[in-house]
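Chemist: Kindly generate the corresponding structure for this input.
(3 chains)
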Amino acid sequence: MKTCTEYLFFNTKKRREMVLLTPRLEEIVDKSGIRDGFCFVSAMHITAAIYVNDLEDGLIADIQEWLEELAPARPDYRHHQTGEDNADAHLKALLLHHEVTLPITNGKLDLGTWQQVFYAEFDGQRRKRVIVKLMGVV
Amino acid sequence: MKTCTEYLFFNTKKRREMVLLTPRLEEIVDKSGIRDGFCFVSAMHITAAIYVNDLEDGLIADIQEWLEELAPARPDYRHHQTGEDNADAHLKALLLHHEVTLPITNGKLDLGTWQQVFYAEFDGQRRKRVIVKLMGVV
Amino acid sequence: MKTCTEYLFFNTKKRREMVLLTPRLEEIVDKSGIRDGFCFVSAMHITAAIYVNDLEDGLIADIQEWLEELAPARPDYRHHQTGEDNADAHLKALLLHHEVTLPITNGKLDLGTWQQVFYAEFDGQRRKRVIVKLMGVV
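Modeler: The predicted model follows:
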């Protein structure tokens, strides 16, 4: 049994941005030599999420608009009395969830044909971190 | 330490359907011989989810209606410019989350009295797949 | 490789309440001697959730109000025909998700600076249970 930990860093140009992670995760899995197990991916911030869905620009825009409808940026959150202005980013991150577990089978991420892993940034333009931890049999 | 992987297949009659998974998962756990560990269950599609909640028809209908309110089927999603018509199914799946981890203790799924595991199909009537991966001590 | 299981019990004074879990989880990780692996935390009830976000009272109130907007307490859920009155608690729990996996690195929970783990009760004032299961290398 083996474990393996890596940290990925992000500093998005836009405040809100979806960043494709799958190729980087595939490299980490390859390098680890783990044949069977789990690849856990988690944002280490409370205004970012990890999600699995389609690599299709239209859908990514739909997801962004949908998140804005369900968790709108607004001035009147209580959290903003602390001087912050990003309460909506916390809510958007809660909605998509901050972590995902991916199965590893035969040394590869065992994802469906259309499953792609994304880092969802809701309060970017600064350095942020994602932990990738693998556990499994070599 | 042992790992064990199985794939479940679904082809629902209706486009949207909730399918109870718990009995099938219990069989897989039994067969694996794993006494302590995790049973990971994940849809391999981006228009289906796995969730844990009540086996009560009224509540299942409430969940369906609630998902329709929060992520309605509508013609005007950008994703539909690709020829697809299922953007709402992606959003509904994101809301419920596509995967779940279940604890195994003393060789059994260690769930609360009312916790039941469901496959939530939002764009069915075709063959779809769920991965079940167990890891633990025998 | 080692596994370790503990159960936490809650009986909140209010029907809806967020309870900070991080210090108790840190103790469990310390005691386990696990250096590298995962700490899985899951509500064993279908009207409670586990989530990771900010320990800031304003934001906690924002999250409560937001959940009430997206999954309001209402008399007319179908689930209530069974005599229950807590359908909204099920929906709120689904929204936040009932479980979380936390990474353990160098014998400690490997969380970001602002990440705190909470038990979110939506139908309390009675004894409820959370499972904490660790797996990793000593």
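Chemist: In contact with the residue most central in space within chain A, which residues are there?
Modeler: For chain A, the residue lying nearest the average C-alpha position, counting by CA atoms, centre = their mean, turns out to be A:Ile50 (2.1 Å). Taking CB atoms under 8 Å, 6 or more residues apart in numbering or on different chains as the contact definition, A:Ile50 lies against A:21, A:41-43, A:96-100, A:117-120, A:130. C-beta here means a position set from N, CA and C on the backbone, and glycine is covered the same way.
Chemist: Try it again at 10 Å.
Modeler: Listed by CB atoms under 10 Å, 6 or more residues apart in numbering or on different chains, the contact partners of A:Ile50 are A:21, A:40-43, A:93, A:96-102, A:117-120, A:130, A:132.
Chemist: The nearest residue to A:Asp36 once chain neighbours are set aside bridge partners, please.
Modeler: Spatial nearest neighbour of A:Asp36, chain neighbours left out: B:Thr3 (4.6 Å); criterion: CB to CB, 6 or more residues apart in numbering or on different chains. In this structure, B:Thr3 has beta-bridge partners B:Met135, where bridges are defined by DSSP bridges.
Chemist: quick revisit: taking the contacts of A:Ile50 one by one, which sit in strands?
Modeler: Using DSSP state E, the subset of the contacts of A:Ile50 located in strands is A:40-43, A:99-102, A:117-120, A:130, A:132.
Chemist: Would you state the helices of chain A in chain order?
Modeler: Ranges of helices in chain A, per DSSP state H, are A:22-32, A:57-70, A:87-96.
Chemist: Summarise which helices and strands the first one is packed against.
Modeler: In this structure, helix A:22-32 packs against strand A:2-10, strand A:36-43, strand A:99-105, strand A:108-109, strand A:116-121, strand A:128-137, with contacts taken as 3 or more CB pairs under 10 Å, 6 or more residues apart in numbering or on different chains; DSSP states H and E.
Chemist: try 6 Å
Modeler: In terms of contact count using 3 or more CB pairs under 6 Å, 6 or more residues apart in numbering or on different chains; DSSP states H and E, helix A:22-32 is assigned the packing partners strand A:116-121.
Chemist: So is the strand it packs on next to chain B?
Modeler: No - judged by CB under 6 Å from any CB of the partner chain, strand A:116-121 makes no contact with chain B; its nearest approach is 8.3 Å.
Chemist: ok, now stretch A:72-89?
Modeler: No - taking CB under 6 Å from any CB as the criterion, stretch A:72-89 and chain B are apart, separated by no less than 13.6 Å.
Chemist: Tell me if that stretch is near chain C.
Modeler: Yes - counting by CB under 6 Å from any CB, contacts between stretch A:72-89 and chain C involve A:Tyr77, A:Arg78, A:His79, A:Gln81, A:Ala87.
Chemist: what's the residue lying closest to the last one once chain neighbours are set aside sitting at in phi/psi?
Modeler: Once its chain neighbours are removed from consideration, A:Ala87 has its nearest residue in A:Tyr77; the separation is 3.4 Å (CB to CB, 6+ apart). Reported as degrees, to the nearest 10, the phi and psi values for A:Tyr77 are phi -70, psi 150.
Chemist: count of residues packed around A:Tyr77?
Modeler: Under the neighbour criterion other CB atoms under 10 Å in any protein chain shown, A:Tyr77 is assigned a count of 24.
Chemist: Look up the pLDDT of it for me, please.
Modeler: Note for A:Tyr77: predicted pLDDT of 98.
Chemist: Return the distance of it relative to C:Glu56.
Modeler: From A:Tyr77 across to C:Glu56, the span is 11 Å (CB to CB, to the nearest Å).
Chemist: what about the closest residue to A:Pro72 other than its chain neighbours, distance to A:Thr82?
Modeler: Counting by CB to CB, 6+ apart, A:Asp88 is the residue found nearest to A:Pro72 once chain neighbours are left out, at 6.1 Å. For A:Asp88, the distance to A:Thr82 (CB to CB) stands at 15 Å.
Chemist: What parts of chain A come near chain B?
Modeler: Residues of chain A found near chain B (CB under 6 Å from any CB) are A:1, A:36, A:52-54, A:58-59, A:61-62, A:66, A:97, A:103, A:105, A:112, A:114, A:137.
Chemist: neighbour-wise, which of those leads?
Modeler: A:Val52 (27 neighbours).
Chemist: just to revisit the earlier point, return the closest of the residues of stretch A:72-89 next to chain C with respect to C:Arg126.
Modeler: Proximity of the residues of stretch A:72-89 next to chain C to C:Arg126 was ranked by CB to CB; the top entry is A:Arg78 with 28.6 Å.
Chemist: mind listing what the closest residue to the closest one other than its chain neighbours touches?
Modeler: Nearest-residue entry for A:Arg78: C:Gly58, 3.5 Å, with adjacent residues in sequence omitted and distances by CB to CB, 6+ apart. Neighbouring residues of C:Gly58 by CB atoms under 6 Å, 6 or more residues apart in numbering or on different chains: A:Arg78, A:His79, A:Gln81.
Chemist: rerun that using 10 Å as the cut-off
Modeler: With CB under 10 Å, 6+ apart as the criterion, the residues that contact C:Gly58 are A:Tyr77, A:Arg78, A:His79, A:His80, A:Gln81, A:Thr82, A:Glu84, A:Ala87.
Chemist: who touches the residue of chain A positioned farthest from its centre in this structure?
Modeler: Computed with CA atoms, centre = their mean, the maximum C-alpha offset from the centroid of chain A is found at A:Gln81, amounting to 27.9 Å. The contact partners of A:Gln81, taken as CB under 10 Å, 6+ apart, are C:Glu56, C:Asp57, C:Gly58.
Chemist: repeat that for 8 Å
Modeler: Contact analysis of A:Gln81 by CB under 8 Å, 6+ apart lists C:Gly58.
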